[in-house]
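Peer 1: got a predicted structure plus its sequence, pasted below:
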Amino acid sequence: MVQTHALDISKIRRDFPILKRDVASGVPLVYLDNAATSQRPVQVIAELTRFYRDHNANIHRGVHTLSVESTELYEGVREKVRAFINAPEAREVIFTSGTTASINLVAHGWGRKFLSAGDEVVISEIEHHSNIVPWQMLRDSLGIELKYIPMLPDGTLDMDAARELIGPRTKLLSVTAMSNALGSIVPVAELSALAKAQGAVVVVDAAQHAPHMPLDVQALGADFVAFSSHKMLGPTGVGVLWGRMELLEAMDPFMGGGDMILSVTMEQSTWADVPSKFEAGTPNIGGVVGFGAALDYLSAIGMHNVRAHELEITDYALRRLADVPGVTIFGPERAEDRGGVVSFELERIHPHDVGQVLDSYGVAIRAGHHCAQPVMAALKVPATARASFYIYNTRDEVDALASALESTNRMFGGAS
Ligand code: 7TS
């Protein structure tokens, strides 16, 4: 058992200036849209400022002092990411613009080279669109088959169906570690073992996992893992693709340009080594440096403690919202089986209306299909309202959500 200790939430909240602001008509912000993007602590904002003020230069190409410093800062974050996800080597960490770019890099860099007509790619019904559309694009151009592990009514995956679907023709399995729409935690290591037994490559979309619980890419048994900085206190426009060195070496680059070549003649080019091969052009240097500060912040808190806090808040939210008349909660029943996400609907009131009324009470949630339309289709709803939590959220904020929902009911003449 890993020992966890309670987070000092007031201290954490002081690090996030945005949480002090008012919204709507002078009501304090209650930010519950963390699955879309988290907020940034002063430590990250200061690191960005420091980088642009004191060190800014392009990387990997200059002999001058600033360029050497920028390169060291940028490459230093590669090692921070390696440690954060327990990857064997820092060179296996590729910086991208986000999870979407990371998954597309695997689809186009690995998929186009190693998949061919008749091969099967298995994903699931609860994926974010960024782990569906790239594979549909490959299916349409390569003639591969795309199979979906179905969702059970409680938002978890049908593991019996998964055992049937993953077979000798499966060449790649790509699954989310946690549903952004419902919060369901996916047994990735178990799925990964099923795929590995068939010799398939395993891709994990950790966009909702990396920010909220310890991530050990080796324990997951994955070959590729993708996530985004902006959901874990870091800047937007930065993401990671971790891959096993052997696969990264074998696959093709997706984008050609500067910084990814060994030599270029008018006839042909040869590629630089991993990771440069996949980082064509000037990357988001400042963003990566800021991401390093976010990783330091999370590491100082401890990811087990982050998870423990979110579990407590989610458990409280599930109980508190169940008491609000007319609320239907989607997804796994127990807080233990989900991340800090609670998707719900309010009887007879459209989720967008719910979102708008909540905003007038300062409560920021997301309403919509959450870029997971197949989940909405399975639930037979057009959209849901979604509250999602992070390290700075409190029980008082859950109470504010519940009481704003009660007011919404009164306003629309809904359930009482
Ligand atoms: N995968 C999952 C599971 C996600 O939740 C998201 C973003 C992505 C991939 C894409 O990440 P990006 O950084 O490349 O955009 N999810 C959400 C959300 O739930 N609301 O807004 C974005």
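Peer 2: That came through, no problem. In this text, all values refer to a predicted model and were calculated from it rather than measured experimentally. Numbering: from 1, shown residues only.
Peer 1: report the residue spans of the chain with pLDDT below the cut-off.
Peer 2: Where the chain drops to pLDDT under 70, the residues are 1.
Peer 1: try 80 this time
Peer 2: Counting by pLDDT under 80, the chain contains low-confidence ranges at 1-2, 24-25, 61-62, 414-416.
Peer 1: for the ligand, what are the nearby residues on the stretch 251-400 of the chain?
Peer 2: With the criterion set to Cβ under 6 Å from any ligand atom, the stretch 251-400 of the chain comes near the ligand through 366, 370-371. Every C-beta, even on glycine, is put in place using the N, C-alpha and C of the backbone.
Peer 1: ok, the residues you listed vs the ligand, which is closest?
Peer 2: Checking those against the ligand with Cβ to the nearest ligand atom, the nearest one is residue 370 at 4.9 Å.
Peer 1: for that closest one, give its distance to residue 361.
Peer 2: Distance, residue 370 to residue 361, by Cβ to Cβ, to the nearest Å: 21 Å.
Peer 1: quick one: which of these two has more around it?
Peer 2: residue 370 (23 against 20; other Cβ atoms under 10 Å).
Peer 1: quick check: the more buried one vs residue 179, distance?
Peer 2: 9 Å.
Peer 1: report the separation between residue 371 and residue 387.
Peer 2: Following Cβ to Cβ, the distance that separates residue 371 from residue 387 is 17 Å.
Peer 1: ok, those two, which is more surrounded?
Peer 2: residue 387 (29 against 17).
Peer 1: what residues does the residue lying closest to the more buried one once chain neighbours are set aside make contact with?
Peer 2: What sits nearest to residue 387 in space, not counting adjacent residues and going by Cβ to Cβ, 6 or more residues apart in numbering, is residue 32, at 4.2 Å. Counting by Cβ atoms under 8 Å, 6 or more residues apart in numbering, residue 32 touches 363-365, 387-389, 393, 397, 401.
Peer 1: again with residue 114
Peer 2: Residue 114 makes contact with 171, 201, 250-251 under the criterion Cβ under 8 Å, 6+ apart.
Peer 1: try residue 120
Peer 2: By Cβ under 8 Å, 6+ apart, the residues touching residue 120 are 144-147, 167, 169-171.
Peer 1: residue 157 too?
Peer 2: Contact partners of residue 157, counting by Cβ under 8 Å, 6+ apart, are 124-126, 149-151, 175, 184, 186-187, 191.
Peer 1: same question for residue 368.
Peer 2: Counted by Cβ under 8 Å, 6+ apart, residue 368 has contacts 351-352, 383-384.
Peer 1: who wins for neighbours among the residues you listed?
Peer 2: Greatest neighbour count in the contacts of residue 368, by other Cβ under 10 Å, goes to residue 384: 27 neighbours.
Peer 1: do you know how far that one is from residue 35?
Peer 2: Going from residue 384 to residue 35 by Cβ to Cβ gives 12 Å.
Peer 1: got it, and residue 46?
Peer 2: Distance, residue 46 to residue 35, by Cβ to Cβ: 26 Å.
Peer 1: what about these two, which has more around it?
Peer 2: Between residue 46 and residue 35, counted using other Cβ under 10 Å, the more crowded position is residue 35 (29 against 12).
Peer 1: what's the closest non-adjacent residue to that one?
Peer 2: The shortest distance from residue 35 to any non-neighbouring residue, by Cβ to Cβ, 6+ apart, is to residue 388 (3.6 Å).
Peer 1: neighbours of the one you found, just the number please.
Peer 2: Residues near residue 388, counting by other Cβ under 10 Å, number 28.
Peer 1: who does it bridge with?
Peer 2: As for beta bridges, residue 388 partners with residue 33, residue 341 under DSSP bridges.
Peer 1: on that earlier part again, between residue 384 and residue 35, which contacts overlap?
Peer 2: Taking Cβ under 8 Å, 6+ apart as the criterion, residue 384 and residue 35 both touch residue 370.
Peer 1: quick one: contacts for residue 269?
Peer 2: Here residue 269 is in contact with 256, 261-263 (Cβ under 8 Å, 6+ apart).
Peer 1: got a winner among those for most neighbours?
Peer 2: Neighbour counts for the contacts of residue 269 (other Cβ under 10 Å) peak at residue 261, which has 16 neighbours.
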